[in-house]
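>>> need coordinates for the following:
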Amino acid sequence: MSTIDRLKILGFAVVSTAPLSLATLHQDPLVTAATALSASMIAVTVYALVRSHWDYPGLYYYVNSVSRTLGLIQLYSWLISYFLYVVYTVDYIDYYVLNIPDPIANALTIALPIAFSIMVLTETSYWFILGLALSQVVLSLPIPTLGWAFSVSRTVPAPQTAFLNVLSSSLLIVCITLTPYIRGDSRYARYVVYAFALSSALMVMGSFFKPSQLVVELTSISDAGLILAEYTALYNLLYHGLGINRVRAIVPALVIALAIISLINYSGFYLITIYPSVADLYLTLFIVMVASIGYLRDWYVVPSIIASGLMLYGEYTVISEAHGLYLYEVIAALVIPIVIGLVFRRVRGGVLREVSG
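The predicted model follows:
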């Protein structure tokens, strides 16, 4: 594998950890350190998985190797979650993070999905992802001219609250699970660890420095990086991994169409899409972590078990916070991929079966 290919892999892994967003958390140092330790269970599991096999089918490959039924449920819940994430995060950047007038936000809501689609379809997204990774690392450094100020976070919550904060913050690293969706080389699985260690170090350092409003707004770079990484992962899974050629036209068309629809009521659109997306995110990753126990074996089952618990907690928070229409959405989001997986579990042949080798 060439140096350029290795840089692309490292850049993708770094972007998937959203280092700038983590650096701006500015939590108590002890809480931050505990968060990094807890989140490392997810990173270690991902490292162990790509160390065994690293190709476009991503997490679906590992789960399908253990159980075809679980593989289908994981596949469809993952697709629902990340497709919605790509769509609603554009609105989040434009209307909630950036302090810009609505006309400009409206224009960006259309322009960004078009730009991201071009990058992904031309497979140049890796270069942009690498640039976004480098810029996040630089902006995460406590540079005074950017407005970073030395200020140790001394807000020490009660033990129970601190524990819940650790659990919640640990889940911010879940997008590192996007790393398996690129074609890598198992010899360089350590890049997952490097990316996690870098972002964790920046997060701990952020406990001692308070970000300026400018830096907070620049966390939109983290969000944009995640969108591009997720969009690339979707493309890789469907087009390269499963061989579905139609996605080259269908997925970009849907992404752009939904971006236009979101202009009708961006706040309502954001809420309607985020609940099912996050619910399916924790469902799909819970399945991955449970399947990893059987797939990896040896001592790697320990971090997989702990990571499974983190996903269950994440699902619990989504269900407990959803009310009314949003609760029904969450229930539907959980039921639909399960039903699809059970209905099609007896289907034989085809690309979905072949990816497990």
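>>> Val86 against Leu234, yeah?
Yes. Between Val86 and Leu234 there is a contact under CB atoms under 8 Å: 6.9 Å. For glycine as for every other residue, the C-beta is placed from the backbone atoms N, C-alpha and C.
>>> neighbour count for those two, which is higher?
Of the pair Val86 and Leu234, Val86 is the one with more neighbours under other CB atoms under 10 Å, namely 27 against 22.
>>> so who does that one touch?
Counting by CB atoms under 8 Å, 6 or more residues apart in numbering, Val86 touches Pro113, Phe116, Ile227, Glu230, Tyr231, Leu234, Val255.
>>> just the pLDDT for it.
On pLDDT, Val86 comes in at 95.
>>> so which strand or helix has it?
Using DSSP states H and E, Val86 sits within helix 68-91.
>>> may I have that helix exported as PDB, CA atoms only?
Provided in PDB are the C-alpha atoms of helix 68-91 (Å, rounded to 0.1, in the frame of the first residue of the first chain):
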ATOM      1  CA  ARG A  68     -27.200 -13.900   8.300                       C
ATOM      2  CA  THR A  69     -30.300 -12.600  10.100                       C
ATOM      3  CA  LEU A  70     -28.400 -10.300  12.300                       C
ATOM      4  CA  GLY A  71     -26.400  -9.200   9.300                       C
ATOM      5  CA  LEU A  72     -29.500  -8.100   7.400                       C
ATOM      6  CA  ILE A  73     -30.900  -6.300  10.500                       C
ATOM      7  CA  GLN A  74     -27.500  -4.500  11.000                       C
ATOM      8  CA  LEU A  75     -27.300  -3.700   7.300                       C
ATOM      9  CA  TYR A  76     -30.700  -2.000   7.000                       C
ATOM     10  CA  SER A  77     -30.600  -0.200  10.400                       C
ATOM     11  CA  TRP A  78     -27.100   1.100   9.400                       C
ATOM     12  CA  LEU A  79     -28.400   2.300   6.000                       C
ATOM     13  CA  ILE A  80     -31.400   4.100   7.500                       C
ATOM     14  CA  SER A  81     -29.300   5.700  10.300                       C
ATOM     15  CA  TYR A  82     -26.500   7.100   8.100                       C
ATOM     16  CA  PHE A  83     -28.600   8.100   5.200                       C
ATOM     17  CA  LEU A  84     -30.700  10.300   7.500                       C
ATOM     18  CA  TYR A  85     -27.500  11.500   9.200                       C
ATOM     19  CA  VAL A  86     -26.100  12.800   5.900                       C
ATOM     20  CA  VAL A  87     -29.300  14.700   5.300                       C
ATOM     21  CA  TYR A  88     -30.100  16.300   8.600                       C
ATOM     22  CA  THR A  89     -26.500  17.200   9.600                       C
ATOM     23  CA  VAL A  90     -26.400  19.700   6.700                       C
ATOM     24  CA  ASP A  91     -29.300  21.500   8.300                       C
END
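>>> thinking again about what came up before, so which of the contacts of Val86 comes closest to Ser77?
Distances from Ser77 to the contacts of Val86, taken as CB to CB, are shortest for Leu234 (13.5 Å).
>>> give me the nearest residue to that closest one, chain neighbours excluded.
Of all residues not flanking Leu234 in the chain, Tyr82 sits nearest, at 5.8 Å (CB to CB, 6 or more residues apart in numbering).
>>> residues in contact with the one you found?
By CB under 8 Å, 6+ apart, Tyr82 lies in contact with Glu230, Ala233, Leu234, Ser277, Leu281.
>>> count of neighbours near the nearest residue to Arg187 once chain neighbours are set aside?
Sequence neighbours aside, Met1 is the residue nearest to Arg187 in space, at 7.7 Å (criterion: CB to CB, 6+ apart). Number of residues near Met1 (other CB under 10 Å) recorded here: 12.
>>> next one: the helix or strand Gly131 falls within to chain centre, how far?
In this structure, Gly131 sits in helix 125-140 according to DSSP H and E. In terms of CA atoms, centre = their mean, to the nearest Å, the centre of helix 125-140 is set 16 Å apart from its chain centre.
>>> got the contact list for it?
Contacts of helix 125-140 (CB under 8 Å, 6+ apart): 7-8, 10-12, 14-15, 18-20, 22-23, 116, 119, 146, 182, 198, 202, 205-206, 215, 218, 221-222, 224-225, 228-229, 231-232.
>>> endpoint to endpoint, stretch 60-75 covers what distance?
Its start and end residues considered, stretch 60-75 measures 6 Å (CA to CA, to the nearest Å).
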